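Asks: The following comprises the amino acid sequence and a computationally predicted model.
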Amino acid sequence: MHGTISHFDTSAAAGGVLTIDCRALADNYRRLRAQVAPARAAAVVKANAYGLGALDVVPELIAAGCRDFFVAHLGEALELLPAVRDKYGARGLAPLRLYVLNGLMPGSEGTCAAAGIVPVINSLDQLERWARTAAARGEKLPAVLQFDSGMSRLGMAQEEAGVVVREGLAEGLDILAIMSHLASADEPHNPQNDDQLRVLRTIAAAFPDALVSFANSSGAFLGADYHGALARPGIALYGGAPTAAGKNPMRPVVRLDVRVIQTRTVPAGARIGYGGAFVAPATMRLATLAVGYADGLPRCLGNRGAAWFEGVRLPMVGRVSMDSLIVDATALPEGALAEGALVELIGPHQSLEDLAAAAGTISYELLTQLGRRYHRRYR
Ligand SMILES: *Cc1c(COP(=O)(O)O)cnc(C)c1O
């Protein structure tokens, strides 16, 4: 019994195999770093590194030379602490840093300070609490000051920059950067980019000694004006397209292959899946795949998306179920698809962007929804 289990292909126990290409990830990091040079490139690893596994992704990026990691929540930073314990500090590299984008929540100051995590300060109240914490601990605590340059989401208002300087609110803190976030960077000709740049420049002038952090993935491709000194790419590291038009310059990182769990032939008129939302117009060969909306395949892919097998497109027919969906395999020769076979959902025939477009969403949402049920392979 024991022997049987140890020889069992563990990937066969899952509905699909999610393969994460760590070399492509590292290449994408270096590509982005070259794109923004001489600025530094951080890595945004929030939401479990966009669903790919932050504890696996971070060490790869450290090996590729990344020193700065942004997450959304303090909890995410705490989970990553073991991965960024500095093994390289002695060699004179910049310290490894974890930044929390969502700000400094009341009650978290002590934890944040003790762990050496850098809060992105989004309000005067956060700034005052952080400065008080620094004074109480008798140390200069690091911080990034975020300002809203026109997205109206997070950060201090433009006018508050003057207050910070005049009242010396950041004294006693080590201001690592002045930061803002672009709302329309994926649209190079959107005038909002220019508007935001102008606002950020005005704010940054009040902090002549601080670095500027501005560009996300798309911002890195807007030109040097947008790079600042510390870029914050996320999606492009994971193979998402940083620009809407033209060829995606990033290497694909994610591949998703899912298992065929049954095949059948149905006659014309057969109703397929929940609600009979597809009716076979003729005799059809069908394959049921072991993946559904519980695995992050949006329900709206029903009757719209496709899987691929040996270069042949297999359209999804009927609704996506929780744990399965059905594809039309009529285009394949009889017997070509057997139980247990793997078909491609994300890979050389269908990119992450293709699948996201078929679902009417963006690569970000698709990646972060992929879920925990896949067998994950890091190579
Ligand atoms: C998520 C996020 C990023 C990364 O954006 P991408 O478009 O994935 O490159 C950068 N900065 C902030 C503030 C973010 O919230």
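Replies: Done, it's in.
Asks: tell me the contacts of the most centrally placed residue in the chain?
Replies: The centroid of the chain falls nearest to Tyr50 when counting by Cα atoms, centre = their mean (2.8 Å). Taking Cβ atoms under 8 Å, 6 or more residues apart in numbering, we find Tyr50 in contact with 234-235, 238, 240, 364, 367-368. (C-beta placed from N, C-alpha, C; glycine too.)
Asks: From those residues, list the ones also adjacent to the ligand.
Replies: Of the residues in the contacts of Tyr50, proximity to the ligand by Cβ under 6 Å from any ligand atom holds for 234-235.
Asks: Of the contacts of Tyr50, which belong to helices?
Replies: 364, 367-368 (DSSP state H).
Asks: Let me know the helix or strand that Leu286 is in.
Replies: Following DSSP states H and E, one finds Leu286 within strand 284-289.
Asks: Please report the average pLDDT across the next helix or strand after that strand, rounded to a whole number.
Replies: Where DSSP H and E defines the elements, the next helix or strand beyond strand 284-289 is strand 306-309. Averaging pLDDT along strand 306-309 gives 98.
Asks: Past strand 306-309, which element shows up next along the chain?
Replies: Heading C-terminal from strand 306-309 (DSSP H and E), you reach strand 312-315.
Asks: by contact count, what packs against whichever helix or strand comes after that following strand?
Replies: Counting by DSSP H and E, the element after strand 312-315 in chain order, helix or strand, is strand 325-328. Judged by 3 or more Cβ pairs under 8 Å, 6 or more residues apart in numbering; DSSP states H and E, the packing partners of strand 325-328 are strand 284-289, strand 312-315.
Asks: what's near enough to touch Arg23?
Replies: For Arg23, the contacting residues are Arg379, by Cβ under 8 Å, 6+ apart.
Asks: Now with 7 Å, please.
Replies: Arg23 sits next to no residue when contact means Cβ atoms under 7 Å, 6 or more residues apart in numbering.
Asks: Before we go further, it is sitting in a helix, right?
Replies: Yes - counting by DSSP: H, G, I helix; E, B strand; the rest coil, Arg23 is located in a helix.
Asks: Kindly state the pLDDT recorded for it?
Replies: pLDDT recorded at Arg23 is 98.
Asks: mind checking the SS state of Leu200?
Replies: Secondary structure for Leu200, judged by three-state DSSP, is helix.
Asks: Does it touch Ser213 like I think?
Replies: No - when contacts are counted by Cβ atoms under 7 Å, Leu200 is not listed as touching Ser213 (9.8 Å).
Asks: give me the number of residues near the residue of the stretch 251-379 of the chain found nearest the ligand?
Replies: Going by Cβ to the nearest ligand atom, the ligand is nearest to Tyr364 of the stretch 251-379 of the chain, at 6.4 Å. By other Cβ atoms under 10 Å, the residues close to Tyr364 number 18.
Asks: Could you number the chain from 59 rather than 1 from now on?
Replies: In the new numbering, first residue 59, that becomes Tyr422.
Asks: That one - nearest residue in space that isn't next to it in sequence?
Replies: Ile293 (5.6 Å; Cβ to Cβ, 6 or more residues apart in numbering).
Asks: what sits against that neighbour?
Replies: Contact analysis of Ile293 by Cβ under 7 Å, 6+ apart lists 108, 275, 421-422.
Asks: Can you convert these into CSV and add a column each for pLDDT and distance to Gly230?
Replies: What follows is these, written out as CSV (pLDDT from 0 to 100; distance: Cβ to Cβ, whole Å):
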residue, pLDDT, distance to Gly230
Tyr108, 98, 35
Ser275, 98, 34
Ser421, 97, 41
Tyr422, 98, 37
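Asks: can you give me phi and psi for the residue of the stretch 59-208 of the chain found nearest the ligand?
Replies: The minimum distance from the stretch 59-208 of the chain to the ligand, using Cβ to the nearest ligand atom, falls at Val102 (3.9 Å). As for Val102, its main-chain torsions (degrees, to the nearest 10) stand at phi -90, psi 120.
Asks: near the ligand, which residues of the stretch 259-408 of the chain?
Replies: 274-276, 290-294.
Asks: do the same with the stretch 59-208 of the chain
Replies: Residues of the stretch 59-208 of the chain lying near the ligand (Cβ under 6 Å from any ligand atom): 102, 104, 159.
Asks: quick one: which of these is nearest Val178?
Replies: Leu159 (5.1 Å; Cβ to Cβ).
Asks: surely the closest one meets Val178?
Replies: Yes - checked against Cβ under 7 Å, the pair Leu159 and Val178 is within contact range at 5.1 Å.
Asks: By proximity to the ligand, which residue of the stretch 159-308 of the chain wins?
Replies: Nearest residue of the stretch 159-308 of the chain to the ligand, counting by Cβ to the nearest ligand atom: Gly292, 2.7 Å away.
Asks: give me every residue that touches the residue nearest to that residue when sequence neighbours are not counted.
Replies: Leaving out its chain neighbours, the residue that sits closest to Gly292 by Cβ to Cβ, 6+ apart is Val102, at 3.3 Å. With contacts defined as Cβ under 7 Å, 6+ apart, Val102 is in contact with 128, 290-292.
Asks: All set, thanks.
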